[in-house]
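**Student:** sequence first, predicted coordinates after that:
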Amino acid sequence: MTTHRTSPSRPELLALGLIVVVAAYVRFYRIDGPSLWMDEIGSIEMATGRGLAHNHLQAGIIEYDQIPLTQLTGALPWWKIWRNVSDDVYPPVFYILLRWWIELLGSGAAAVRSLSALASIGAIAVLFDVCRLLRGPRVGLLAAAIMATSLAQINFAQDARPYPLLILLGMGCCDAVLHIQTSGASWRRCAVLAFLLTAMELTHYFALGAIVALAAYAALRLRGLDRRRTLAAFLIAGAFTAAVWGPTALRQLHQIPAGQPRFLFAAGPHHVRSIFLHIIGLPAELIFDSTQAAAMPAAALILLALIVLVVPVIRLRSRPDLLLWILLLAGTTGMLAGSDLIRGSIFLEYLRYAILAGPAVYALIAAFDWPPRPLLRDALAWCLLVLLAMLVCVRLHDPVASKEDWRQLAIDLNANAAPDDLLVFYGGDPWISPGTWYMCFSYYMPQSHRPWLILHQPADARLLHLLASRHSLWLIGKYPQQDGPALLAGWQPQSILQNPTAGAICRMVRVIPSHP
């Protein structure tokens, strides 16, 4: 494979330990600071085995008992999660692991996010081992340090979603293939590879591009019995996944209408140009995150794209150790770009779908050895690490704001609503259903015994008659002050408490009698 030394020295192992400690600190620092956003709360709901129950709440009926969508009270056994994810768009492995985690640590923000943080830390250690086998411990340490301080990785490590687990499993698969390449395709190594591939396939559908890339690497770099056994492991994992999960996956895909969800199919008039620009900007996004990358000069984005996307391909003949990362980057981004081109989607605009390509970017930068002089060959990686260290310090001082601050809205509602006030959830956002609003508020208000109501459309005469006995109620949604009079005839907004990231709660008062 390589003429470089692959066994790490004691100082190198100590350096790796320091990198892992730093990675753990920046990932766990104020991990429960921001409010859980709706997808994280949805992860907890899925982990209880209820599926997306919030999308099936009955509308137009006043309920007096709170439904514990995100609590273990009344939750189904963990093994039933497998069959109750058919109304979601993700496979079940992450939700099953999260369920075990919740049973162990609870469902608080720090608890559920810590699973992702630990997966992210584990992926750093595995990335080091992969780079060590390909190019030596020096490159492994640089790649691990870049991943440890990458703002994109830190952000996803503090998110109770499956992406850090997907990265960990992806790096585990790469490590398994390289151990086969260096030590032979024993049955134990092939079994480990098949297990990791299966877990990866059952964690996220976008793992497919990386798996195809890794299979291509095995086919190109292995020979004889090693290649046959390794490719057999890929086939066995794929066949097993298709047998046990294929029918559910088809149901998941068939229940999604064409062009839905709409925010993933909002392509502009210059769609091909947009895809090309997103590919150029992707290396910077995977290092700095989307917000920081958007503020970078175009020249810096192009230079980084050339170093990551072009130079490794040019140097591949003299640097075969780059092949794995080239294929992994091409497989992951190629699958997204192909979908965007063919289906008119915009997956590349959302970094989470391409996050699996992150380790390839970090490894390619760590392996960049120009200028060839020993003291200068790692200049790019060290300059990048210094910049990341400064940005991480800024982030620790000023943490990332919550995507949707449901916690503050719940606090405001609890402080202002009377114990018997009616809560009306209507949504008002094309991406957030009324049931989603109820799920998020019920997570942060688990002991609320207030009556509640789901409203999909303006209240009919029957419902208005039921509400006539009340002087006031609380309307909860995106723009309740504007939408309230049209949704509830005869009711007018009196006071509103708004959160810029989530929505608003509005006290509505009845100004004229409602007649059936």
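**Tutor:** Perfect, I can see it now.
**Student:** element containing Val424?
**Tutor:** If you go by DSSP states H and E, Val424 is part of strand 423-427.
**Student:** same question for the very next helix or strand once past that strand, mean pLDDT?
**Tutor:** Next helix or strand after strand 423-427 toward the C-terminus (DSSP H and E): helix 434-444. In this model, helix 434-444 has an average pLDDT of 95.
**Student:** how far off strand 423-427 does helix 434-444 point, in degrees?
**Tutor:** When axes from the mean of the first three to the mean of the last three CA atoms, to 10 degrees is applied, the directions of helix 434-444 and strand 423-427 differ by 130 degrees.
**Student:** quick one: contacts of helix 434-444?
**Tutor:** Residues outside helix 434-444 that contact it (CB atoms under 8 Å, 6 or more residues apart in numbering) are 35-36, 38, 41-42, 44-45, 54-57, 59, 66-70, 404, 406-407, 409-411, 413, 423, 425-427, 448, 452, 454-456, 476-477, 502-503. (Each C-beta comes from the backbone N, C-alpha and C, glycine too.)
**Student:** hmm, Pro283 is touching Val308, no?
**Tutor:** Yes. With contact defined as CB atoms under 8 Å, Pro283 reaches Val308; the gap is 4.2 Å.
**Student:** ok, now how distant is Pro434 from Pro297?
**Tutor:** 44 Å (CB to CB, to the nearest Å).
**Student:** out of the two, which sits in the busier spot?
**Tutor:** Pro434 (23 against 8; other CB atoms under 10 Å).
**Student:** distance between the longest helix seen in the chain and the chain's centre?
**Tutor:** Taking DSSP state H as the criterion, the chain has its longest helix at helix 224-254. Relative to the centre of its chain, helix 224-254 is centred 23 Å away, using CA atoms, centre = their mean, to the nearest Å.
**Student:** just checking, what packs against it?
**Tutor:** helix 163-183, helix 187-201, helix 207-221 (3 or more CB pairs under 8 Å, 6 or more residues apart in numbering; DSSP states H and E).
**Student:** nearest to His270, of these?
**Tutor:** helix 207-221 (24.4 Å; CB to CB).
**Student:** tell me where the stretch 301-450 of the chain has helices.
**Tutor:** 311-314, 323-343, 358-366, 379-397, 406-416, 434-444 (DSSP state H, counting those that start in this stretch).
**Student:** state the distance from Ser150 to Leu396.
**Tutor:** 14 Å.
**Student:** with neighbour numbers in mind, choose between these two.
**Tutor:** The neighbour count for Ser150 versus Leu396, taken as other CB under 10 Å, is higher for Ser150 (28 against 13).
**Student:** these two touch, right, that one and Leu286?
**Tutor:** Yes. Counting by CB under 8 Å, Leu286 is a contact partner of Ser150 at 7.1 Å.
**Student:** quick one: common contacting residues for these two?
**Tutor:** By CB under 8 Å, 6+ apart, the residues touching both Ser150 and Leu286 are Gly358, Tyr362.
**Student:** Leu327 versus the closest residue in space to Leu151 that isn't next to it in sequence, what's the distance?
**Tutor:** Leaving aside its sequence neighbours, Leu151 sits nearest to Asp289 (CB to CB, 6 or more residues apart in numbering; 4.3 Å). Plainly put, Asp289 is 25 Å away from Leu327 if you go by CB to CB.
**Student:** likewise Leu52?
**Tutor:** Where Leu327 is concerned, Leu52 sits at a distance of 35 Å (CB to CB).
**Student:** which ones are touching the residue nearest to Leu151?
**Tutor:** Here Asp289 is in contact with Leu151, Ala152, Asn155, Leu351 (CB under 8 Å, 6+ apart).
**Student:** out of those, who's nearest Val212?
**Tutor:** Nearest to Val212 among the contacts of Asp289, with distances taken as CB to CB, is Leu351, at 21.1 Å.
**Student:** residue contacts, that closest one?
**Tutor:** Ala152, Glu285, Leu286, Asp289, Ser290.
**Student:** burial of the second one, as a residue count?
**Tutor:** What it means is Glu285. 25.
**Student:** okay, and it sits in which element?
**Tutor:** helix 271-288.
**Student:** give me phi/psi at Ala266?
**Tutor:** Main-chain dihedrals, Ala266, degrees, to the nearest 10: phi -110, psi 50.
**Student:** distance of it from Leu328?
**Tutor:** From Ala266 to Leu328 the distance is 28 Å (CB to CB).
**Student:** can you pick out the residue with more neighbours from the two?
**Tutor:** Leu328 (29 against 12).
**Student:** burial count for the closest residue to that one other than its chain neighbours?
**Tutor:** Take Leu328 and drop its neighbours on the chain: the residue closest to it by CB to CB, 6+ apart is Ala360, 4.4 Å away. A count of nearby residues for Ala360, using other CB under 10 Å, gives 30.
**Student:** walk me through the domains of the protein.
**Tutor:** Following automatic domain parsing, the chain resolves into domains at 10-32+108-389, 406-510.
**Student:** I'd like these laid out as JSON lines, including distance to Asp88.
**Tutor:** Formatted as JSON lines, the domains of the chain follow (distance: least, CB to CB, whole Å):
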{"stretch": "domain 10-32+108-389", "distance to Asp88": "7"}
{"stretch": "domain 406-510", "distance to Asp88": "13"}
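**Student:** rewinding a little: common neighbours of Pro283 and Val308, please.
**Tutor:** Joint contacts of Pro283 and Val308 (CB under 8 Å, 6+ apart) are Val361.
**Student:** name the residues of stretch 167-180 that are buried.
**Tutor:** 167-180 (16 or more other CB atoms under 10 Å).
**Student:** out of those, which comes closest to Trp78?
**Tutor:** Leu169 (19.3 Å).
**Student:** show me the one of the domains of the chain that comes nearest Leu98.
**Tutor:** domain 10-32+108-389 (6.0 Å).
**Student:** gap between the two ends of that closest one?
**Tutor:** 25 Å (CA to CA, to the nearest Å).
**Student:** what of stretch 474-490?
**Tutor:** Using CA to CA, the end-to-end distance of stretch 474-490 comes to 14 Å.
**Student:** cool, stretch 71-89 as well?
**Tutor:** 22 Å.
**Student:** contacts for it, please.
**Tutor:** Contacts of stretch 71-89 (CB under 8 Å, 6+ apart): 46-52, 55, 68, 91-92, 95-96, 99-100, 102-103, 107, 205, 248, 251-252, 255-256, 446.
**Student:** tell me which residues in that stretch are buried?
**Tutor:** Gln71, Ala75, Trp78, Ile81, Trp82, Asn84, Val85, Ser86, Asp88.
**Student:** can you check stretch 285-297 too?
**Tutor:** Glu285, Leu286, Ile287, Phe288, Asp289, Ser290, Gln292, Ala293.
**Student:** could I have that stretch exported to PDB, CA atoms only?
**Tutor:** Extracted in PDB, the C-alpha atoms of stretch 285-297 (Å, rounded to 0.1, in the frame of the first residue of the first chain):
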ATOM      1  CA  GLU A 285     -18.800  24.500   3.800                       C
ATOM      2  CA  LEU A 286     -17.600  21.100   5.100                       C
ATOM      3  CA  ILE A 287     -14.800  22.900   6.900                       C
ATOM      4  CA  PHE A 288     -16.300  26.200   8.100                       C
ATOM      5  CA  ASP A 289     -20.100  25.500   7.800                       C
ATOM      6  CA  SER A 290     -22.500  27.100   5.400                       C
ATOM      7  CA  THR A 291     -22.700  30.500   7.100                       C
ATOM      8  CA  GLN A 292     -19.000  31.100   7.300                       C
ATOM      9  CA  ALA A 293     -18.400  29.800   3.800                       C
ATOM     10  CA  ALA A 294     -21.000  32.200   2.400                       C
ATOM     11  CA  ALA A 295     -19.000  35.100   3.800                       C
ATOM     12  CA  MET A 296     -15.700  34.000   2.300                       C
ATOM     13  CA  PRO A 297     -14.300  35.700  -0.800                       C
END
